[in-house]
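[1] let's see this in three dimensions:
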Amino acid sequence: MIWNPRAEAQSPGDRAALQLARLKETLAWAIGRVPFYWERLGAARVERLDDLARLPFTRKSDLREHYPFGLFAVPREEIVRIHASSGTKGKPTVVAYTAGDMEVWREVMARTIVAAGGRRGDLLQNAFGYGLFTGGLGFHQAAELIGMTVVPASSGNTARQCLLLRDFKPAALCATPSFALHIAETLAEQGSKPEQLGLRYGMFGAEPWTDGVRRALEAGLGCPAYDIYGLSEIIGPGVSGECEAREGLHIADDHFLPEIVDPTTGEPLGAGEQGELVLTTLTKRAMPVVRYRTGDVTTLTTAPCRCGRTSARMGRLVGRTDDMLIIKGVNVYPSEVEGALLGVADLVPQYLLVVDRTATLARVEVQVEPAPAFLERCGSIEPDHPEVGKLRGEVAARLRAALGLNVEVTLLSPRTIPRSEGKAVRVVERT
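    Here you go, the predicted model:
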């Protein structure tokens, strides 16, 4: 099922014409109403979509430098909603919505939910956080537009999440993948079987996650796991999402124009080439954003999808440019560590990458936990136990093959690694 066939399955020619018309409108709107863009883009002229690549980028630092309301394109009195980041790395980034922007947000999120299997009358357990974070409210308002029944569980309180899943038997669960893993792990410890939950689909995002995590989620929850993507600077969740073919995330590119650029040089890259995702809003009025560098590493394709949608698709995120670690001259993404670990049946899907830079050469340790079946078989995780040594050797070999580095592997007691009720923290750097 397609929520909006006219928009999601339009011909490539019609889509390109609409994108160009909306791009011109957005540039005129931003230049005429936002001093930052007047100074940055005042003389800009765009006659073709390719001309966009000649314009300068907008970065997260620009949003912070104009905190709180310096990038608004309408009077504050016309703003109906404000969201913001947590501000853990400095001032929070503030984003705003007019009533029209809210309609767009509900529309693109409805497309995302329906693409994953959402239908009118479904019961949705929403375990994304509510508040300044866009996740919970983004899903909530679109689900109501579709005609779903929403359980606004919000994030946290894992015991209550498990109770609601067992008793309400929702058709769908949405959450960060790390929190969903925590829920699945807790359900298993409580003796619940995945098939008893009755879930038909799950929608997970707000952090990069691998196919290994997908397999773990599907095994633990008993339903297909769909990737969704968004960021508050652009709209929130709803920028893109997987359809039931799960061959990339369909971008709502009649509202958000995507590019892929080289993370170092900023030069445009071709279809299928891995680089940094750059997005331009085409219909946002409260706070238009031109060529925003997301920091997310992925690919783009416009090849046809068997679901019938004709929009551009992005690949699943490899990681973030600011998450990449340089260890002994080797570039390492946490997702590469995750991909290697989740192929080991004797481990639970939890890990911590510890990088100690206090010495001349960085020391790398990966902390992991044994699966319940391993503990039942071996009885302990004492370092001198032969099965423990064998498991540590297998994990170290997988990591060496994936990363090109020798890594120290530490096997911890169950539940030692902190579980996340939001976005997971997978890396600790000591300097």
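[2] centre of the chain to the helix or strand where residue 23 lies, how far?
    Using DSSP states H and E, residue 23 falls within helix 12-33. Helix 12-33 sits 26 Å away from the centroid of its parent chain (CA atoms, centre = their mean, to the nearest Å).
[3] mind listing what's buried along the helix or strand following that helix?
    Scanning forward in sequence from helix 12-33 by DSSP H and E, the next helix or strand is helix 35-41. For helix 35-41, a neighbour-count test (16 or more other CB atoms under 10 Å) marks 36, 37, 40, 41 as buried. Every residue, glycine included, has its C-beta placed from N, CA and C.
[4] residues contacting the last one?
    The one in question is residue 41. 27, 30, 31, 55, 56, 290 (CB atoms under 8 Å, 6 or more residues apart in numbering).
[5] check the third one too.
    Contacts for residue 40 were tallied using CB under 8 Å, 6+ apart; they are 56, 58.
[6] gap between it and residue 263?
    21 Å (CB to CB, to the nearest Å).
[7] low-confidence ranges in the chain?
    Applying pLDDT under 70 to the chain flags the ranges 87-89.
[8] just give me the residue closest to the centre of it.
    Nearest to the geometric centre of the chain sits residue 206, at 3.5 Å (CA atoms, centre = their mean).
[9] quick one: contacts for the closest residue to that one other than its chain neighbours?
    Nearest non-adjacent residue to residue 206, counting by CB to CB, 6 or more residues apart in numbering: residue 176, 4.9 Å away. Applying CB under 8 Å, 6+ apart, we find residue 176 in contact with 128, 135, 155, 204, 205, 206, 207, 420, 422, 423, 424.
[10] and the last one, how far is that from residue 219?
    Spelled out, that is residue 424. Taking CB to CB as the measure, residue 424 and residue 219 are separated by 18 Å.
[11] between these two, which is the more surrounded one?
    Between residue 424 and residue 219, counting by other CB atoms under 10 Å, residue 424 is the more crowded of the two (25 against 13).
[12] the closest residue to the more buried one other than its chain neighbours sits in which helix or strand?
    Nearest residue to residue 424, sequence neighbours excluded (CB to CB, 6+ apart): residue 178, at 3.4 Å. Using DSSP H and E, the element containing residue 178 is helix 177-189.
[13] repeat that for residue 203.
    Per DSSP H and E: strand 201-204 holds residue 203.
[14] which residues touch the helix or strand following that strand?
    Note on strand 201-204: by DSSP H and E, the next helix or strand toward the C-terminus is helix 211-221. For helix 211-221, contacts defined as CB under 8 Å, 6+ apart pick out 173, 177, 180-181, 183-185, 187-188, 194, 197, 199, 202, 204, 224-225, 227, 316, 338-339, 341-343, 349.
[15] now do the next helix or strand after helix 211-221: distance to the chain's middle.
    Per DSSP H and E, the first helix or strand lying C-terminal to helix 211-221 is strand 225-231. Distance of strand 225-231 from its chain centroid, counting by CA atoms, centre = their mean, is 5 Å.
[16] residue 15 and residue 254 touch, don't they?
    Yes: Residue 15 lies in contact with residue 254 (CB atoms under 8 Å); the separation is 6.6 Å.
[17] contacts only, for residue 206.
    Residue 206 touches 128, 135, 176, 230, 237, 422, 423, counting by CB under 8 Å, 6+ apart.
[18] adding neighbour count and distance to residue 165, write the contacts of residue 41 out as a markdown table.
    Below are the contacts of residue 41 laid out as a markdown table (neighbours: other CB atoms under 10 Å; distance: CB to CB, whole Å):
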| residue | neighbour count | distance to residue 165 |
| --- | --- | --- |
| 27 | 20 | 47 |
| 30 | 26 | 44 |
| 31 | 21 | 49 |
| 55 | 17 | 47 |
| 56 | 13 | 47 |
| 290 | 25 | 42 |
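[19] which one of these is nearest to residue 114?
    Residue 114 has its nearest neighbour among the contacts of residue 41 in residue 290, at 29.2 Å by CB to CB.
[20] strands of the stretch 51-200 of the chain, residue ranges please.
    Along the stretch 51-200 of the chain, counting by DSSP state E, counting those that start in this stretch, strands occupy 81-84, 94-97, 123-126, 149-151, 172-175.
[21] show me what the helix holding residue 178 is in contact with.
    Residues contacting helix 177-189 (CB under 8 Å, 6+ apart): 127, 155, 158-159, 161-162, 165-166, 173, 175, 194, 197, 202, 204-205, 207, 209, 213, 216-217, 220-221, 225, 348-350, 372, 419-424.
[22] before we move on, what about stretch 193-202?
    116-118, 122, 165-166, 169-175, 180, 184, 187, 217, 219-226.
[23] for PyMOL, what selects the buried ones among these?
    Remark: buried members of the contacts of stretch 193-202, expressed as a PyMOL selection using 16+ other CB under 10 Å:
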select buried, resi 116+117+118+122+165+170+171+172+173+174+175+180+184+187+217+220+221+222+223+224+225+226
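[24] for residue 46, list the residues it contacts.
    Neighbour list for residue 46: 20, 23, 24, 27, 52, 55 [criterion: CB under 8 Å, 6+ apart].
[25] related to what we said a few turns ago, take the contacts of residue 41 and lay them out in TSV including distance to residue 324.
    Listed next are the contacts of residue 41 as TSV, based on distance: CB to CB, whole Å:
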residue	distance to residue 324
27	32
30	31
31	34
55	26
56	23
290	25
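[26] out of those, which comes closest to residue 93?
    Of all the contacts of residue 41, residue 290 has the smallest distance to residue 93: 15.7 Å, by CB to CB.
[27] distance of that closest one relative to residue 75?
    21 Å.
[28] the closest residue to residue 350 other than its chain neighbours: neighbouring residues, count only.
    Distances taken as CB to CB, 6+ apart place residue 417 nearest to residue 350, at 4.8 Å, with adjacent residues excluded. When neighbours are counted by other CB under 10 Å, residue 417 registers 18.
[29] go on, residue 76?
    Residue 76: 11 neighbours (other CB under 10 Å).
[30] contact partners for it?
    Taking CB under 8 Å, 6+ apart as the criterion, residue 76 is in contact with residue 69.
[31] follow-up on the earlier one: got the buried residues for the helix holding residue 178?
    177, 178, 179, 180, 181, 182, 183, 184, 185, 186, 187.
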